[in-house]
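> Show me how the following folds:
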Amino acid sequence: MSQYYYRSNVLLGVKWLIISNIIVFGIQILFTLLPAGWINADFIFYYFGLSPRKVIDDFWIWQLFTSTFLHDIYGSAIPWHLIFNMLALYFFGPIVENFYGTRQFVFFYLISGIFASL
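Below is the predicted model:
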């Protein structure tokens, strides 16, 4: 008796990075809808977007990591930045993840994001 199952070509690391980016983008959009006086999108960018002055002067070192997951929500190309980044990750990520393995792939993704922030 043969068993049928569906095997996705999207590997675990790629899948969770795409899901994480989409969730963070959704939170960013949600925070733009909150009334003034509440935590809003400016709060997210202030604390989690990259501000070199904050990293150097106030040692907000987490911004090097968290800014990797933030995307533009104010420009005219609101979803396109995220869409094209996730398409590139979807098509090219499995190649790299297959080569290095999930743990090293996710590490490589995060380190690349941190160095891109510098």
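> those helices in the protein, which residues are they?
12-32, 41-48, 52-57, 63-66, 78-100, 102-117 (DSSP state H).
> surely Tyr109 meets Trp16?
No. Counting by Cβ atoms under 8 Å, Tyr109 stays clear of Trp16, with 10.2 Å between them. C-betas here are computed from N, CA, C, even on glycine.
> The two: which is more packed in?
Using other Cβ atoms under 10 Å, the more surrounded residue of Tyr109 and Trp16 is Tyr109, with 18 against 13.
> measure that one to Phe115 for me?
11 Å (Cβ to Cβ, to the nearest Å).
> One more: Leu50?
In terms of Cβ to Cβ, Leu50 sits 12 Å off from Phe115.
> Ok, Arg53 next?
The value you get for Arg53 to Phe115, if Cβ to Cβ is used, is 19 Å.
> same question, Tyr100
Tyr100 is 17 Å from Phe115, by Cβ to Cβ.
> related to what we said a few turns ago, Leu50 and Phe115 - which one has more neighbours?
Neighbour count, other Cβ under 10 Å: between Leu50 and Phe115, Leu50 has more, with 19 against 9.
> Tell me the spatial nearest neighbour of that one, not counting adjacent residues.
The shortest distance from Leu50 to any non-neighbouring residue, by Cβ to Cβ, 6 or more residues apart in numbering, is to Ser67 (3.8 Å).
> ok, the one you found - contacts?
Phe48, Gly49, Leu50, Gly113, Ser117 (Cβ atoms under 8 Å, 6 or more residues apart in numbering).
> Let's see that with 7 Å instead.
Phe48, Gly49, Leu50, Ser117 (Cβ atoms under 7 Å, 6 or more residues apart in numbering).
> where are the low-confidence patches of the protein?
Scanning the chain for pLDDT under 70 picks out 1-10, 36-38, 74-77.
> switch the cut-off to 90
1-11, 25-51, 66-82, 116-118 (pLDDT under 90).
> Quick one: residues contacting the most centrally placed residue in the chain.
Nearest to the mean C-alpha position of the chain, counting by Cα atoms, centre = their mean, stands Phe69 at 2.7 Å. Phe69 is in contact with Ser20, Asn21, Val24, counting by Cβ under 7 Å, 6+ apart.
> how does it look with 8 Å?
Phe69 neighbours (Cβ under 8 Å, 6+ apart): Ser20, Asn21, Val24, Gly113.
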